[in-house]
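> Quick check, what structure comes out for this input:
(one chain, ligands or ions: 1)
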Amino acid sequence: MSRKFSAMVSGLLMLAGAAAHAQEQGTAPAAAPEPAAATAAITVATREIPPFVIREGDGYSGFSVDLWRELASRTGTQFEWLEKRNVAEILSSVDAGEADVAIAAISITSEREQRFDFSQPMFESGLQIMVPQEQDSGFSLSNVGRYFTQGAMPYLLGILALLILVPGHLVWWAERKHDDSPFSRHYFPGIFHAMGWALSAAAGQQNDNPRSRLGRVTSIAAIFVSLLFLTYWQAELTSSFTVQQLQGGIQGPDDLPGKRVGTLTGSTSAQWAATHQVKTTEFEKIAQAFEALEKGRVEAVVYDSPVLLFHAASSGRGKVRVVGPVFKKENYGIVFPPRSGGPRKTDLRKKVNEALLRMREDGTYDRIYRRWFTTEE
Ligand code: GLU
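Model prediction:
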């Protein structure tokens, strides 16, 4: 985890603490309604996505909200909010001309760049994984059991069973009437003895030497087959008998295939999952995915790292935790209609970009960032 990101984590923890404190004191700031929309006001689509957009009464607070208010004031833009449920709806509203601008936690992607115009990046983000606090991650019997039932293991065990059953029967059948045969004539005692012999043959050791020709041929064949089998078994053990596998649970993106994973419909996480053999349940609202995780209906949620960290440090505290690295870096941007949208809107994007860059230069951006993500270095 980069220094910056770890600072962000601690910042988020501090933030959650501060929010709880403010509520206890009854000092949570009431959101000021936006200035009454003048006729020239533009419509800004957004959605609730803490800590970027937090609903407070009739208004909003959050990193993106503070950033946009500052940008609007610097560019002399009057605006009114239009709330949508998720990123797909936000983008459709800009597409349909219902909204002139959109800001929330919208990732800049090549596919979206074809349909819209983005501002300069306004926030560095990425995807991460959230799991239940009590993820089954111990070295338990059930995890060891799972190890023997996953991957190549069941096949290896099947081959081992064949290596015992087939030569065991062959040798007993060939040996049963031989006078000085070590194996009993009777099926059950004889076959148990012969299978014990085959098992030790599979392990590379043969104690009882068969007397018959077929018994000897089987014995030699069993040695060769076992040798190959043991080599393969050993290779399989070294490649997959890892602590992580025994620990079970989800530690990072590589553990997600085959797990029940929740995410938000139309999001970059859903796109990532679709191209990485991760089957997901897509929810309309990310809060539904968080609830499904807490109720055990999904085993993990893949989503934007800062949003997961904020949830884990606030309402999900003690119930969920974020694991593994930020595995896909993304930047958030402000969305504008494509150039065909008309000169006024194109012009606004230019003004917003200039103001955003100036805010990065004059320290305003950092101040807003620190307000929401970092309270100490
Ligand atoms: N950053 C993600 C995306 O743009 C999620 C945004 C959201 O859920 O609003 O797809």
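> Could you check how far residue 191 is from residue 165?
Spatial separation of residue 191 from residue 165 under the definition Cβ to Cβ, to the nearest Å is 9 Å. C-betas here are computed from N, CA, C, even on glycine.
> That should have said residue 194, apologies.
Taken as Cβ to Cβ, the span from residue 194 to residue 165 is 10 Å.
> who's more crowded, residue 191 and residue 165?
Here residue 191 and residue 165 are compared on neighbour count by other Cβ atoms under 10 Å; more neighbours surround residue 191, at 20 against 14.
> List the contacts of the strand or helix carrying that one.
Assigning secondary structure by DSSP states H and E places residue 191 in helix 187-202. Taking contacts as Cβ atoms under 8 Å, 6 or more residues apart in numbering, the residues outside helix 187-202 that touch it are 160, 163-169, 171-172, 175-176, 182-184, 206-208, 219, 222-223, 226, 229-230.
> List buried members of those residues by neighbour count.
For the contacts of helix 187-202, burial is judged from neighbour counts taken by 16 or more other Cβ atoms under 10 Å, and it is met by 160, 163-164, 167-169, 171-172, 175-176, 182-184, 206, 208, 219, 222, 226, 229.
> which ones among the residues you listed are found in helices?
Cross-referencing the buried ones among the contacts of helix 187-202 against helices under DSSP state H gives 160, 163-164, 167-169, 171-172, 175, 219, 222, 226, 229.
> what's the closest of the residues you listed to the ligand?
Each of these was scored against the ligand by Cβ to the nearest ligand atom, and residue 160 proved nearest at 48.0 Å.
> Chain neighbours aside, what residue packs nearest to the closest one?
Closest residue in space to residue 160, ignoring its immediate chain neighbours: residue 202 at 6.3 Å, by Cβ to Cβ, 6 or more residues apart in numbering.
> Pull up the per-residue confidence for the one you found.
The predicted local confidence for residue 202 comes out at a pLDDT of 73.
> Equivalent analysis for the one 10 residues further on, please.
For residue 212, the model assigns a pLDDT of 84.
> Residue 173 is in contact with that one, correct?
No. Counting by Cβ atoms under 8 Å, residue 212 does not reach residue 173; the two are 9.3 Å apart.
> near the ligand, which residues of the protein?
Within the chain, the positions adjacent to the ligand are 47, 49, 86-87, 104-107, 264, 267-268, 286, 304 by Cβ under 6 Å from any ligand atom.
> Now rank those by neighbours and give me the top one.
In terms of neighbour count, residue 106 stands highest of these at 31 neighbours, by other Cβ under 10 Å.
> mind listing what that one touches?
Residue 106 makes contact with 87, 90, 91, 112, 332, 333, 334, 335 under the criterion Cβ under 8 Å, 6+ apart.
> And the fourth one, how far from residue 332?
In this structure, residue 112 and residue 332 are 11 Å apart, going by Cβ to Cβ.
> How about residue 71?
Here the criterion is Cβ to Cβ. By it, residue 71 lies 14 Å from residue 332.
> now do residue 56
In this structure, residue 56 lies at 21 Å from residue 332, with Cβ to Cβ as the measure.
> Pick out whichever of those two has more residues nearby.
Regarding residue 56 and residue 332, a neighbour count based on other Cβ under 10 Å identifies residue 332 as having more, with 24 against 14.
> I'm done for today, thanks for sticking with me.
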